[in-house]
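# make a model of this:
(one chain, ligands or ions: 2)
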Amino acid sequence: MASGKFITFEGIDGAGKSTHIPFVTQLLRDRGLTVVATREPGGTELGERLRELVLHHKMHLETEALLMFASRREHLAQVIEPALARGDWVISDRFTDATFAYQGGGRKLALDKLDRLEQWVHPHLQPDLTLLFDVPLEVARARLDAERTLDKFEQEKADFFANTRAEYLRRAAQFPHRFRLIDSTRPIAVIQEDLRAIVAAL
Ligand SMILES: Nc1ncnc2c1ncn2[C@@H]1O[C@H](COP(=O)(O)OP(=O)(O)O)[C@@H](O)[C@H]1O
Ligand SMILES: Cc1cn([C@H]2C[C@H](O)[C@@H](COP(=O)(O)OP(=O)(O)O)O2)c(=O)[nH]c1=O
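Ligands and ions are numbered 1, 2, ... in the order given. Have a look, this model is predicted:
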């Protein structure tokens with residue numbers, strides 16, 4: 001059986017992930033592939049309940065990181081691993097890179113603690129492709145302000161997002177084999193052409 005791939009979408013809030021996920025999902029489906037589109041935190045019934053808690057309640061930083069990995073553990077067991085085992089493709093709106101970027105970079109939780117949680121929860125699995133949508137903070141902020149009610153993370157200050165973005169970029173440089181950096185300041189149609197080429201090469 002042809003084996004499916006695991007694709008993750010990352011970026012600071014307002015960078016444009018949600019805009020492009022349906023487009024990439026459709027490109028793959030047009031190739032006749034079965035695609036499971038999911039998200040973190042969330043992706044399962046329990047995970048969605050954890051998402052509600054973690055996005056809307058203040059808590060200790062380590063509790064926050066542990067809940068992200070608790071949601072992920074369930075997501076892997078119920079959704080991601082079974083889908084990949086069937087040969088399906090999986091697209092996830094965020095995965096472990098987000099915990100390194102937000103809880104590690106943004107909130108300054110020691111990265112070695114996150115390394116240990118990652119080793120515990122998914123010692124072997126990594127995304128085949130991580131699309132990192134990158135924009136300067138001011139662009140992301142202007143896009144968010146134009147749009148919606150902000151959750152706990154989206155209300156954070158500029159410093160937080162600068163550090164979150166910096167950690168994403170550091171990881172992209174650390175794992176160049178799976179990251180593709182997408183300059184998300186460009187028009188949507190131009191970004192879609194990039195995505196089309198990236199997906200065609202998979
Ligand atoms: N390349 C782009 N140019 C202009 N506006 C964009 C672009 N990408 C996304 N947007 C707009 O910015 C806002 C945030 O995008 P969204 O995809 O929801 O971001 P994210 O999911 O990364 O938080 C939306 O209103 C979206 O329409
Ligand atoms: C997966 C994950 C998300 N987050 C944060 C990033 C986002 O601000 C928030 C929700 O994710 P997001 O996918 O951006 O939701 P929405 O599109 O509804 O804004 O959760 C973390 O802080 N750590 C994590 O490990």
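# counting by contacts, list what the helix or strand containing residue 130 packs against.
Counting by DSSP states H and E, the element that carries residue 130 is strand 129-134. Where contact means 3 or more Cβ pairs under 8 Å, 6 or more residues apart in numbering; DSSP states H and E, strand 129-134 is packed against strand 6-10, helix 17-30, helix 158-174, strand 179-183, helix 188-200. Quick note: C-beta positions are derived from backbone N, CA and C, even for glycine.
# the second one and ligand 1 in contact?
Yes: interface with ligand 1: helix 17-30 contributes 17-19 (Cβ under 6 Å from any ligand atom).
# buried members of those into ChimeraX, please.
With 16 or more other Cβ atoms under 10 Å as the criterion, this ChimeraX line picks the buried residues out of the residues of helix 17-30 next to ligand 1:
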select :17
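# okay, now the unreliable bits of this structure?
1-2 (pLDDT under 70).
# just to revisit the earlier point, out of the helices and strands packed on strand 129-134, which is the most enclosed?
Counting by mean count of other Cβ atoms under 10 Å, strand 6-10 has the highest mean neighbour count of the helices and strands packed on strand 129-134, with a mean of 25.
# mind listing what that strand pairs with, with the direction of each?
In its sheet, strand 6-10 lies beside strand 89-93 (parallel), strand 129-134 (parallel), with partners assigned from DSSP bridges.
# list the contacts for residue 51?
For residue 51, the contacting residues are 41-42, 71, by Cβ atoms under 8 Å, 6 or more residues apart in numbering.
# contacts with ligand 2 among these, please.
Contacts with ligand 2 within these, as defined by Cβ under 6 Å from any ligand atom: residue 41.
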